[in-house]
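Trainee: need a structure here:
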Amino acid sequence: MQAPSLGGVQVPRGNGSTVVRLRHGSSLNDFADKIDANPASLVTVLFHLGEMATATQSLDEDTFGTLASELGYVIEMVSAEEEDRELLGAFDIDLDAELEGESDDELMPRPPVVTVMGHVDHGKTRLLDAIRQTDVVSGEAGGITQHIGAYQVRREHEGVDRPITFIDTPGHEAFTAMRARGAQVTDIAILVVAADDGVMPQTVEALNHAQAANVPIVVAVNKVDKEGANPDKIRQQLTEYNLVAEEYGGETMFVDVSAKQNQGIDQLLEAVLLTADASLDLRANPDKDARGVAIEANLDKGRGAVATVLVQSGTLRVGDAIVAGTAHGRVRAMFDEHGEAVTEAGPARPVLVLGLASVPSAGDTFLVAPDERTARQIAEKREAAERAALLAKRRKRISLEDFTQALQQGKVETLNLVLKGDVSGAVEALEDALLKIDVGDEVELRVIHRGVGAITQNDVNLATVDNAVIIGFNVKFGERVEDLADREGVEVKFYSVIYQAIDDVEAALKGMLKPEYEEAQLGTAEIRQVFRSSKFGNIAGSIVRSGTIRRNTKARVLRNGKIVGDDLTIESLRREKDDVTEVREGFECGIGLGSFNDVTEGDIIETFEMREKPRA
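Mentor: Have a look, this model is predicted:
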């Protein structure tokens, strides 16, 4: 119903408990859509409440809360993922229910998906070429007719022909960009380190990205055929980064390879399969509509939008209507890595798909829709939501000052840091000092990446994905990086004195600690006589022995030193015939404990409150 509100404008009002769900970064336009109101009238109402905003401006939760309570609504903020889930739910697509409803009989083994990462010039590309050439299907020369960003090789393992899917990404930047979009694609990471060069900055960066994603790592020590190669030194260096070789009593498999001489490739594939079997449960249901991820996509002059997709569950078939992010279409044709047409692709199978109306982004999830019309509607709604989110580009992720609030909302358990400094010694010293900060077991400090030099786009991407704070010690932003950090809402703190950084982080960690409470006794009263009342239950005629007895405080009843009633409340308190709020020591009073009637003469009523304990 339309009802006049502040300033005489007509706005539909709620009943005080009507819930309106909005995603973070919504504008008055979005709110107006939800309650079927004119955005201009909401601007007026907000103005009368002392806030000035335009209809397209993104507002915070508090502003929406003020406006909503004035109009009789309750605001509930939802994340982009939740909203997307609701959007799919409106089309009877429930991804969560699908996963939960799968029994062991429906789940079939699937190939592991592997990403190769490492320092530039350490031989990633050559290693991938060597792996392709060992593929029994593609013949001696590799036989790859076109690059599709991902491919499968087959390897005989324990008498079984096992496929392995490789994603040919351009290093860890793309790996993290895909993670930033919520796509956990990789099962195992191969870290390539040159035996003649050792662990380099990009090696550490790639390693940090893989560990942040919680992905098992197999280390390929490449170029072992070169003069000056020292594979043992690599094993030693990587122990500093929690990668301990099996021969040193650790759990990480190290394989010596030479991509140039085709040496050790079989052992590397063997190590991947052993790691997959030992630490991962790689199963998926092939008998349902396909779900998966777009690994890369581009616009081809002759064929239109072309996307390389990796099927994660279900089976994708030619003719299926699909949605990938904000792109939609019907699968006109599919090709494998050899350029051969395929009619269907099962779990962990990468294929090139033709037929999308527009180009999806790398890392966009795709799903099969019931029909093309539904696919188009989902894509259009997603596009509209994305446009609205762009209005809130400056979304604040986390800052040292925000931790207490974030922890209360159950959002933060760990403080993730990215450390950058001018020299490696300073970074190591800073990391050691930070990790020695002791605030108990409740809060954890994790340094997810450390490096030397200016703060790069890569650092900001990693901080974006893992909700980290970047600390720069005697360094500044690289070119165009400040804008990216600003846009992504990543907090970057700069220091030139190491103790300032330590003090700030320690204060933030202490702010993250949950408050500790202790019981403070307020008063005790001895029961002298019990009065029976049909209206109020038993009333304890008492004398206050110590402190003060207050109404509505917590209480317990003790008999001969033992607790006979706990977690009670002083619900009524009387002196003579008058209701009072408190009675001091030495005075008599009548105490009512609500529905608790098990009181006798001689019992002690003890009252207390919980007070926050200051941290040392």
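
Trainee: Run through the stretch 151-300 of the chain and note the low-pLDDT ranges.
Mentor: Along the stretch 151-300 of the chain, segments meeting pLDDT under 70 span 168-183.

Trainee: in it, which spans are helices?
Mentor: Secondary structure of the stretch 151-300 of the chain, counting by DSSP state H, counting those that start in this stretch: helices at 172-180, 201-212, 231-239, 265-279.

Trainee: what comes up buried for the second one?
Mentor: Same thing as helix 201-212. The neighbour-count criterion (16 or more other C-beta atoms under 10 Å) identifies Q202, T203, V204, E205, A206, L207, N208, H209, A210, Q211, A212 as the buried residues of helix 201-212. No exception for glycine: its C-beta is placed from N, CA and C like everyone else's.

Trainee: Any regions of the stretch 301-450 of the chain where pLDDT drops low?
Mentor: The stretch 301-450 of the chain contains residues with pLDDT under 70 at 386-413, 424-425, 439-443.

Trainee: the strands in it, which residues?
Mentor: With DSSP state E, counting those that start in this stretch, the ranges of strands along the stretch 301-450 of the chain come out as 304-313, 316-317, 321-324, 327-335, 341-342, 344-345, 350-356, 365-369, 414-421, 444-452.

Trainee: can you pull the buried residues of the fourth one?
Mentor: Think strand 327-335. For strand 327-335, by 16+ other C-beta under 10 Å, it's A327, H328, G329, R330, V331, M334, F335.

Trainee: can you redo these as JSON lines with distance to D603?
Mentor: Formatted as JSON lines, the buried residues of strand 327-335 follow (distance: C-beta to C-beta, whole Å):
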{"residue": "A327", "distance to D603": "74"}
{"residue": "H328", "distance to D603": "73"}
{"residue": "G329", "distance to D603": "78"}
{"residue": "R330", "distance to D603": "79"}
{"residue": "V331", "distance to D603": "78"}
{"residue": "M334", "distance to D603": "80"}
{"residue": "F335", "distance to D603": "84"}
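
Trainee: Quick check: the farthest pair among those?
Mentor: Across the buried residues of strand 327-335, no pair lies farther apart than H328 and F335, at 20.1 Å, counting by C-beta to C-beta.

Trainee: thinking again about what came up before, of the helices of the stretch 151-300 of the chain, which is nearest D466?
Mentor: When the helices of the stretch 151-300 of the chain are compared (using C-beta to C-beta), the closest one is helix 201-212, at 5.3 Å.

Trainee: Now do the contacts for I265.
Mentor: Taking C-beta atoms under 8 Å, 6 or more residues apart in numbering, we find I265 in contact with L127, A130, I131, T134, V257, A259.

Trainee: Check the buried residues of strand 327-335 against L356 and report the nearest one.
Mentor: For the buried residues of strand 327-335, with L356 as the reference and C-beta to C-beta as the criterion, the closest is G329, at 3.9 Å.

Trainee: So the closest one is in contact with F366, correct?
Mentor: No: G329 is beyond contact range of F366, at 10.3 Å (criterion: C-beta atoms under 8 Å).

Trainee: ok so, going back, include distance to V469 when you put the helices of the stretch 151-300 of the chain into TSV, please.
Mentor: Formatted as TSV, these follow (distance: least, C-beta to C-beta, whole Å):
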stretch	distance to V469
helix 172-180	17
helix 201-212	14
helix 231-239	27
helix 265-279	31
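
Trainee: among the ones you listed, which is nearest D483?
Mentor: Closest approach to D483 among these (C-beta to C-beta): helix 172-180, 16.7 Å.

Trainee: Please tell me I have it right and R446 contacts E431.
Mentor: No: under the criterion of C-beta under 8 Å, R446 lies out of contact with E431, with a separation of 10.8 Å.

Trainee: So for those two, which sits in the more crowded spot?
Mentor: Using other C-beta atoms under 10 Å as the criterion, R446 and E431 rank with E431 on top: 17 against 13.

Trainee: any idea how far that one lies from Q457?
Mentor: To Q457, E431 is 22 Å away according to C-beta to C-beta, to the nearest Å.

Trainee: same question, V359
Mentor: Separation of V359 from Q457 (C-beta to C-beta): 22 Å.

Trainee: Repeat that for E518.
Mentor: Distance, E518 to Q457, by C-beta to C-beta: 48 Å.

Trainee: More neighbours: these two, which one.
Mentor: Each of E518 and Q457 has its neighbours counted (other C-beta under 10 Å); Q457 has more, 16 against 9.

Trainee: what pLDDT, on average, does the longest strand along the chain get?
Mentor: When the chain is parsed with DSSP state E, its longest strand is strand 516-533. The average pLDDT for strand 516-533 rounds to 86.

Trainee: same for it, what does it pack against?
Mentor: Judged by 3 or more C-beta pairs under 8 Å, 6 or more residues apart in numbering; DSSP states H and E, strand 516-533 is in contact with strand 537-550, strand 588-592, strand 604-613.

Trainee: Any buried residues in the longest one, and which?
Mentor: Under the neighbour-count criterion of 16+ other C-beta under 10 Å, strand 537-550 has G537, N538, I539, A540, G541, S542, V544, G547, T548, I549, R550 buried.

Trainee: Low-confidence regions, the stretch 1-150 of the chain specifically.
Mentor: 1-9, 24-25, 79-81, 83, 86, 89-92, 94-103, 120, 122, 134-148.

Trainee: Can you pull up the most central residue in this structure?
Mentor: Closest residue to the average C-alpha location of the chain: D466 at 7.0 Å, with C-alpha atoms, centre = their mean.

Trainee: Quick check: F64 is in a helix.
Mentor: Yes: under the criterion used here (DSSP: H, G, I helix; E, B strand; the rest coil), F64 sits inside a helix.

Trainee: I'd like to know the beta-bridge partner residues of the residue lying closest to it once chain neighbours are set aside.
Mentor: Nearest residue to F64, sequence neighbours excluded (C-beta to C-beta, 6 or more residues apart in numbering): I75, at 4.8 Å. Taking DSSP bridges as the rule, I75 bridges to V20.

Trainee: Correct me if wrong: I75 contacts D62.
Mentor: No: using C-beta under 8 Å, I75 makes no contact with D62, being 9.6 Å away.

Trainee: more crowded one of those two?
Mentor: Higher neighbour count among I75 and D62: I75, with 20 against 10, using other C-beta under 10 Å.

Trainee: How much space separates the more buried one from L28?
Mentor: For I75, the distance to L28 - C-beta to C-beta - is 13 Å.

Trainee: Ok, L42 next?
Mentor: Applying C-beta to C-beta to L42 and L28 gives a distance of 5 Å.

Trainee: Need the overlap of contacts for the two.
Mentor: Listed as contacting both L42 and L28 by C-beta under 8 Å, 6+ apart are A55.

Trainee: tell me which of the buried residues of helix 201-212 is nearest to Q237?
Mentor: When the buried residues of helix 201-212 are ranked by distance to Q237 (C-beta to C-beta), T203 comes first, at 8.9 Å.

Trainee: Let me see the contact set for that closest one.
Mentor: Contacts of T203 (C-beta under 8 Å, 6+ apart): G118, H119, H122, L191, V193.

Trainee: can you rerun that using 6 Å?
Mentor: With contacts defined as C-beta atoms under 6 Å, 6 or more residues apart in numbering, T203 is in contact with G118, H119, V193.

Trainee: Same check on V255?
Mentor: By C-beta under 6 Å, 6+ apart, the neighbours of V255 are A220, G264, Q267, L268, A271.

Trainee: need the contact list for the residue nearest to F64.
Mentor: With contacts defined as C-beta under 6 Å, 6+ apart, I75 is in contact with V20, F64, G65, A68.

Trainee: Mind giving me the PyMOL select for those, buried ones only?
Mentor: Provided next is the PyMOL selection string for whichever of those are buried by 16+ other C-beta under 10 Å:
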select buried, resi 20+64+68
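
Trainee: Would you reformat the contacts of I75 as CSV and include distance to F494?
Mentor: Output for the contacts of I75, formatted as CSV (distance: C-beta to C-beta, whole Å):
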residue, distance to F494
V20, 40
F64, 33
G65, 34
A68, 39
